[in-house]
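> Next come a sequence and a model predicted from it.
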Amino acid sequence: VHCYMEPVFVGDVCQAILTALENPISNHKIYYLPGGKGYDFVEILRILVQAQNLKRLILPLPPFLFLTLLKIFEKIFPSSPIQSYQVKKWLKTKPLEAKTTKKDLNYAPISFKEGVGYIFQNLS
């Protein structure tokens with residue numbers, strides 16, 4: 001499935017919130033908080049597999065096939081950890097504009113790969 005995501009590290013979100021609370025220029029403004037780099041879904045899976053030292057076959061599927069299989073899976077397992085409505089939303093995702101966020105909040109997020117590495121390093 002080809003979709004674009006900018007996962008954001010929770011520490012970057014917390015820092016942005018604290019900075020916004022302390023900065024009067026941020027009053028009544030809306031800020032986007034994308035991660036430090038955009039990835040497609042397959043790249044995200046590869047990063048997670050690598051961070052956990054797992055060996056997994058990642059088989060990219062066309063969106064229509066993936067969604068069809070996912071809907072069948074949802075019928076069998078109603079409490080599936082991933083839902084077709086989420087995937088449909090991800091397929092429409094575009095990069096977020098964070099120029100104002102970077103300027104007003106000195107926002108400099110780390111990449112998903114760095115965030116995952118940080119989390120798995122601190123779990124052990």
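Received, thanks.
> what stretches of this protein score poorly on pLDDT?
1-2, 124 (pLDDT under 70).
> Apply 80 and report the result again.
Low-confidence segments of the chain, defined by pLDDT under 80: 1-3, 90, 92-94, 122-124.
> where along it do the strands fall?
Residue ranges of the strands in the chain, as given by DSSP state E, are 4-5, 39-40.
> Counting neighbours, what do you get for the spatially closest residue to Tyr31 that is not a sequence neighbour?
Nearest non-adjacent residue to Tyr31, counting by C-beta to C-beta, 6 or more residues apart in numbering: Thr101, 4.3 Å away. For every residue, glycine as well, the C-beta is placed using N, CA and C. By other C-beta atoms under 10 Å, 23 other residues sit near Thr101.
> In contact with Thr101, which residues?
16, 31-33, 107 (C-beta atoms under 8 Å, 6 or more residues apart in numbering).
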